[in-house]
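Chemist: Have a look at this fold, sequence not included:
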């Protein structure tokens, strides 16, 4: 009977903890007014955001804690139509004197299949605002593909499960392309976004 009571308490605690965890919302406040940073200490074959896009027709501005974006961006990364594009995201926290990898991360093995998938975070904050998505959704990130954006803002609110999160963090996104033989292309993309997480009510 005692064991059964302990089990029931454990189940109730787990349900309560999960509910509280899902209730925790955080706003990500970018540090850089242009939002994107270069990844540090990378070899020459690792390109930044401007190796991925021609952003000469794209504008980024900031007002308070919100980033505003508008205009057109054309993919220029030297890969081939039909390549499989793999994208990874990893969250790091600054702890005293160094960046420490957290448990929050994900890898998407075929980004082309999910670039315009509505449940994804990047759709909510980015590709949702591509006005010509019907024309480009099958062209993925291949060079020459031009995305025409409606003006949009990045007021980034996230739900985190588990322990509370706060302070200085950065997301590192890496993008790699693989040919039909699953051989990685010689160049890849690395982008950092640094900022602070604050509780959002």
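Modeler: It's in. Predicted model, so just to flag it, every value in this text is computed and none were measured.

Chemist: for this protein, what spans make up the strands?
Modeler: Ranges of strands within the chain are 25-30, 37-38, 46-47, 53-63, 66-75, 84-95, 98-108, 146-154, 156-159, 167-178, 188-199, based on DSSP state E.

Chemist: buried stuff in the first one?
Modeler: The neighbour-count check on strand 25-30 (16 or more other C-beta atoms under 10 Å) flags 26-28, 30 as buried. C-beta: built from backbone N, CA, C; applies to glycine.

Chemist: got a pLDDT number for residue 103?
Modeler: According to the prediction, residue 103 has pLDDT 85.

Chemist: Next one: it from residue 198, what distance?
Modeler: From residue 103 over to residue 198 the distance is 20 Å, taken as C-beta to C-beta, to the nearest Å.

Chemist: which outside residues touch stretch 42-54?
Modeler: 36, 38-39, 55, 73-77, 141, 175, 186-191 (C-beta atoms under 8 Å, 6 or more residues apart in numbering).

Chemist: what about burial for these, which qualify?
Modeler: Here, 16+ other C-beta under 10 Å leaves 36, 39, 55, 73-77, 141, 175, 187-191 buried among these.

Chemist: and the residues you listed, which two are the farthest apart?
Modeler: Within the buried ones among the contacts of stretch 42-54, two members stand farthest from each other by C-beta to C-beta: 39 and 74, at 22.0 Å.

Chemist: Who are the contact partners of residue 165?
Modeler: Taking C-beta under 8 Å, 6+ apart as the test, what residue 165 contacts is 24, 26, 93, 197.

Chemist: Could you export those as CSV, including distance to residue 121?
Modeler: Converted to CSV, those look like this (distance: C-beta to C-beta, whole Å):
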residue, distance to residue 121
24, 16
26, 13
93, 19
197, 15
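
Chemist: give me the beta-bridge partners of residue 189?
Modeler: residue 47, residue 175 (DSSP bridges).

Chemist: roughly how far apart are it and residue 42?
Modeler: From residue 189 to residue 42 the distance is 10 Å (C-beta to C-beta).

Chemist: Residue 131: how many residues sit nearby?
Modeler: Applying other C-beta atoms under 10 Å, we find 12 other residues in the vicinity of residue 131.
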